[in-house]
Each structure stands twice: as structure tokens, then as C-alpha cells.
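Colleague: This is a predicted model, with the sequence first.
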Amino acid sequence: MQAKITVTETWLRKHRHLYDGATRHPFIRSIRDGNIDISAFKTWLGQDYIFVRAFVPFVASVLTKAYKGSDDGNGDVEVILGGVAALHDEISWFKKEAFKWGVQLSSIVPQKANQEYCRFLESLIGPEVEYTVAAVAFWAIETIYQESFAHCLEDDSKTPPELKETCKRWGNESFGEYCNSLRNIVDGQLEKASDDVITKAEATLLRVLEHEVDFWNMSHGRT
Ligand SMILES: Cc1ncc(CN)c(N)n1
């Protein structure tokens, strides 16, 4: 018997071009090819620290929605709680890494693309946004980083040794498994969602992809 094609699989096939644009962006390719401009890397580092701080309340809102809205005996809550814990480590990592690279986090001003992305996250926090829609955004945001940085760790990559740790932070296998768990949660929700929610969730995925591309563009100095 053939395996059933999930909703996320359908979307990834349909929007492959945009998805590849987010996960194989020139910024990521420049890390992978070993010709990254270190000032672009530092820009990304400072801007992403600001993004991650804004990401925390969004993830907390997804956690609340999972608690209220999922009917799986709260397996979802545990997966998402793991994500919150990982974010705690992520913030400490950014501080350590910023120190290493001489990036002053206290003086970073969020750039336009970052402000718009953070505003988008805020727009997904309210109770009027369905759990399924918010969970799709969460899955996509985490997975884009996972796929992007895993690409920089492939055998034929020329990623500079001093950037390997950064790539491993999101490109490692256990982060990949966590992203798969998020994807299973999302597909479970989408299977029982109304057409209206599925439409909103797909539109949200597309917005995430666009914001991620803009975020890489900003880091790469293309704004
Ligand atoms: C912009 C962005 N997207 C995703 C992630 C992964 N948490 C991140 N740190 N920053």
C-alpha cells in the first residue's frame, strides 16, 4: 500500500521554488562554499539574537494553544516545551558567540526585515489565531534553519571551521528529529482542520518563507 501524502508534503512540492529559496539562500551558500563575508555573518548574528528574543513569546503562545487545543494527551505540549528549553540555550549561545566575534548585542538596532518578521510573529500570538495556523508557522521557522544549516555540514561543504559550531546548532540530527516531530504535529492537526484553517495555514507558510528570505537578504546586505 502506498503511504498517504501528507498536507505538508503537498505544500512543499507545490512551493518547492520558494522553499528552496529560503533553505538554499546565497547567504547559506556562501557559508557552505567557504566564502562568507564575516561582516555579513556578524550582522546575521546580532539580528538573529533580536529575532530569537521575539520568537520566545510566540513559541510560548503555541505552547498555550497546544495545551488548550490538542487532544493527544498532550504529546504536542512536550515537544513544544522541548523547543522552549532549546530557545533558552539558544539565547545563551548567542551571547557567548557575540562575545567571541566582538558583536555588541546591547547596541544592535533591528533592521527593517527583522522588525517586519517580529511584527508578523506578534500577529500570530493572539487567541484568534488557531493552534494549527500558529503550529505551521513554528514548524516552518524551525525547519528552514535546520535544512539551511544542515546543508552547510554536508560532506562536500567547505564551511569554515570557525562557523561549524553555528551550523551544528541547527543542522544537527537531534534538531532534525525535533523538526520532524513538529511536522507530525502539524500534519495531525491539518488532517482534521477545516478548509478555511488549511487555507490560512498555507498562506502563513508562504509568509514565513518570504520573511526568512528577507531575513537572509538583510544579513547578506541586500536590503
Ligand atoms: C530568522 C530565524 N528563523 C529561524 C530560527 C530558528 N529558531 C532563527 N533563530 N532565526
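Modeller: Looks like it came in fine.

Colleague: contact partners of stretch 186-200?
Modeller: Outside stretch 186-200, the residues that touch it by C-beta atoms under 8 Å, 6 or more residues apart in numbering are 6-8, 70, 72, 130-133, 135-136, 139, 201. To be clear about C-beta, it is placed using only N, CA and C from the backbone, and glycine gets the same treatment.

Colleague: For the spatially most central residue of the chain, give its distance to the ligand.
Modeller: Here the mean C-alpha position of the chain is nearest to the C-alpha of residue 141 (C-alpha atoms, centre = their mean), at a distance of 2.3 Å. Distance check for residue 141 against the ligand: by C-beta to the nearest ligand atom, to the nearest Å, it reads 5 Å.

Colleague: What score does residue 70 have for pLDDT?
Modeller: Predicted confidence (pLDDT) for residue 70: 70.

Colleague: How about the contacts made by the closest residue to the ligand within the chain?
Modeller: Nearest residue of the chain to the ligand: residue 145, at 3.9 Å (C-beta to the nearest ligand atom). By C-beta under 8 Å, 6+ apart, the contact set of residue 145 is residue 170.

Colleague: and if you look at the one 3 residues further on?
Modeller: Residues touching residue 148, when contacts are defined by C-beta under 8 Å, 6+ apart, comprise 22-25, 28, 170-171.

Colleague: Put together CSV for those residues, with pLDDT on each row.
Modeller: Formatted as CSV, these follow (pLDDT from 0 to 100):
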residue, pLDDT
22, 98
23, 98
24, 97
25, 97
28, 98
170, 97
171, 98
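
Colleague: Now that we have those, which of them are buried?
Modeller: 22-23, 25, 28, 170-171 (16 or more other C-beta atoms under 10 Å).

Colleague: Among these, which are located in helices?
Modeller: 22-23, 28, 170-171 (DSSP state H).

Colleague: just checking, residue 28 touches residue 154?
Modeller: No. Counting by C-beta atoms under 8 Å, residue 28 stays clear of residue 154, with 11.6 Å between them.

Colleague: shared neighbours of the two, anything?
Modeller: Common neighbours of residue 28 and residue 154 (C-beta under 8 Å, 6+ apart) do not exist.

Colleague: which bits of this structure sit near the ligand?
Modeller: 48, 51-52, 55, 141-142, 145, 212, 215 (C-beta under 6 Å from any ligand atom).

Colleague: In helices, which of these appear?
Modeller: Judged by DSSP H, the subset of these located in helices is 48, 51-52, 55, 141-142, 145, 212, 215.
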